[in-house]
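Peer 1: what follows is a protein structure lacking sequence information:
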């Protein structure tokens, strides 16, 4: 193995009882200020009649909550996680590090960004080997939801 190669395995799912009528998609975001944008993914899922849950959790402010949410996601019946984040956009990668489920990253713009959202876009797409994150366009949670529906229906 060269110094640039890594070997990783998905974190084991935490045992939990899947709910037959429970959500299939988890939508998470790093800040409450992202809720209005990320709710657009929920609207697409509703139109496709796909059940979802939506929560705010920060990879930086509450990393243990993010880890537990992602470790338990598959055991609770989720099939896909959509993670929206701006600035350093760590949430999609952290989510993917703690689950074997597909994770779709939504890079978000921020008024605090010096790079106009390019920083979050690059953070989402530059994952190390073994920690895959699908990425959609900047501020485009609708496409993340469409991709989640395709994954579920595949």
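Peer 2: Done, it's in. The structure displayed is predicted, hence computed values, not measured ones.
Peer 1: next one: the host helix or strand of residue 83 to chain centre, how far?
Peer 2: Per DSSP states H and E: residue 83 is located in strand 80-86. The chain centre lies 3 Å from the centre of strand 80-86; the measure is Cα atoms, centre = their mean, to the nearest Å.
Peer 1: residues making contact with stretch 118-131?
Peer 2: Stretch 118-131 has contacts (Cβ atoms under 8 Å, 6 or more residues apart in numbering) with 5-9, 85-90, 92-93, 96-97, 105-110, 113, 133, 135, 138. Yep, even glycine has a C-beta here, placed from its N, CA and C like the rest.
Peer 1: so for it, what's the average pLDDT?
Peer 2: Here stretch 118-131 scores 92 as its mean pLDDT.
Peer 1: what does stretch 66-84 give?
Peer 2: Averaging pLDDT along stretch 66-84 yields 98.
Peer 1: what subset of the contacts of stretch 118-131 is buried?
Peer 2: 85-87, 89-90, 92-93, 96-97, 105-110, 133, 135, 138 (16 or more other Cβ atoms under 10 Å).
Peer 1: skipping adjacent residues, who's closest to residue 85 in space?
Peer 2: The shortest distance from residue 85 to any non-neighbouring residue, by Cβ to Cβ, 6 or more residues apart in numbering, is to residue 91 (3.9 Å).
Peer 1: tally of neighbours for the one you found?
Peer 2: 33 (other Cβ atoms under 10 Å).
Peer 1: quick check: the gap between it and residue 123.
Peer 2: 9 Å (Cβ to Cβ, to the nearest Å).
Peer 1: overlap in contacts, those two.
Peer 2: Shared contacts of residue 91 and residue 123, defined by Cβ under 8 Å, 6+ apart, comprise residue 85.
Peer 1: re the thing from before, which helices and strands does the strand holding residue 83 pack with?
Peer 2: Under the contact criterion of 3 or more Cβ pairs under 8 Å, 6 or more residues apart in numbering; DSSP states H and E, strand 80-86 touches strand 25-29, helix 35-47, helix 91-97, strand 103-108, helix 118-125, helix 141-153.
Peer 1: for residue 77, which of the ones you listed is the nearest?
Peer 2: strand 25-29 (9.9 Å; Cβ to Cβ).
Peer 1: ok, residues contacting the closest one?
Peer 2: 35, 38, 41-42, 45, 50-57, 66, 69, 73, 78-85, 91, 95, 108, 141, 145, 148, 152.
Peer 1: having no further points to raise, I will conclude here.
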